[in-house]
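**Student:** Sequence first, then the predicted structure:
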Amino acid sequence: MSSLDVLKEFTIANLPTLDVATLGALELFERDGIPKLPHMPEGQVLIVGSVNAAAAGRIVGENRNALFADESDYKEVLARATTVQAAVLISASGGKHAIEIAKHFKKHGIRTILITHNRDALAKEFVASTDIIVFPKNREPYTYNTSTYLGVILASTQEDPHAIRAYIENIVGPAMPENFASYDAFYITVPSNFRQMVPMLMAKFDELFAPRVSGRVFTVDHAKHATTVVSSPTEFFISFGDDKVLFGPQENRLVVALPPNASYGFLMAVTYYVIGCIQKQHPAYFKEGIVEYCQRASELFGQEISPIVE
């Protein structure tokens, strides 16, 4: 059964791990093609999103005339901006904080382009119909957001999902250790030119493991500062795209090479796959907590949040 088929059929009783969702996302884009980003307005834009949507926005806008904000500071950033022509709001659900963000922009006369994966996004009430872009997605566990933000990033980088999946299945997968469960802390480095990937990976560890398993993520240059003053024999070190693992004993190290032409889509897929392998070897912390969390989150946001995003 393909990963894409698994995602179509799973239930709360047999939630797939992140590696399966990652392969399924790549299969989706192989089958249906990579989505296209909307035409960006001329001049400066304000790109906004929550958590990993904010990180995806920074990747998409990294080489554009853009300002960036998230759910905590968008009002302040907009108030200080003097040349913003429009806002780009990225939200897989188009709900939660996206609603109040879109409402705020409309109140201040800021044209908003909504990139979402939900045709029934609640934020669309405050966005012109011609500025609502609905991207494809897979059925996934809540907060995985693998097909969603990978699609946004691939739309920007135009990398080949088939080549990425083949690399993962032929190179990365066979190199995965079988003793991840022996470690309760993971130290990850990415090349410094992929700095926007750091918050995405930190958020994924928080969502899947915290506080049971910790994940620390740095660029190679950031890692050289005081990040390893305190050591632990149960910390495992993974270096993506760099053959020099700076820290940790030899037996606690893994190097995951990247092709020389790899961009953010490639890195997101490979890192998410590896985190899924870590998840697979540990107890099902996410599965044990996600139903109760969604009940609490539904109350917090005043809207129904399901453990399975259809």
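**Tutor:** Cool, got the structure.
**Student:** Make sure I have this right: residue 218 is in a strand.
**Tutor:** Yes: under DSSP: H, G, I helix; E, B strand; the rest coil, residue 218 falls within a strand.
**Student:** Please verify my assumption that it contacts residue 188.
**Tutor:** Yes: contact criterion CB atoms under 8 Å: residue 218 and residue 188 qualify, at 7.3 Å. All C-beta atoms are positioned from the backbone trio N, CA, C, and that covers glycine.
**Student:** higher neighbour count, these two?
**Tutor:** With neighbours defined as other CB atoms under 10 Å, residue 218 and residue 188 compare such that residue 188 has more, 24 against 21.
**Student:** Contacts for stretch 12-23, please.
**Tutor:** 3, 6-7, 10, 24, 138, 140-141, 144, 146-147, 150, 165, 168-169, 204, 208, 269, 272-277, 279-280, 284, 286-287, 290-291, 307-308 (CB atoms under 8 Å, 6 or more residues apart in numbering).
**Student:** Restricted to helices, list these.
**Tutor:** 3, 6-7, 24, 146-147, 150, 165, 204, 208, 269, 272-277, 279-280, 286-287, 290-291 (DSSP state H).
**Student:** Could I have the buried ones of those as PyMOL selection syntax?
**Tutor:** The PyMOL command for the buried members of these (criterion: 16 or more other CB atoms under 10 Å) is given here:
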select buried, resi 3+6+7+24+146+147+150+165+204+208+269+272+273+274+275+276+277+279+280+286+287+290
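**Student:** so where is this protein shaky, pLDDT-wise?
**Tutor:** For the chain, applying pLDDT under 70 flags the ranges 243-246.
**Student:** which residue ranges form the helices in the protein?
**Tutor:** Counting by DSSP H, the helices of the chain are 3-9, 18-32, 52-60, 74-80, 97-107, 146-157, 161-167, 197-208, 220-223, 264-281, 285-301.
**Student:** what about the third one, distance to the chain center?
**Tutor:** Meaning helix 52-60. A distance of 8 Å separates the centroid of the chain from that of helix 52-60, by CA atoms, centre = their mean, to the nearest Å.
**Student:** Run through the neighbouring helices and strands of it.
**Tutor:** strand 44-49, strand 66-69, strand 84-91, helix 146-157, helix 197-208 (3 or more CB pairs under 8 Å, 6 or more residues apart in numbering; DSSP states H and E).
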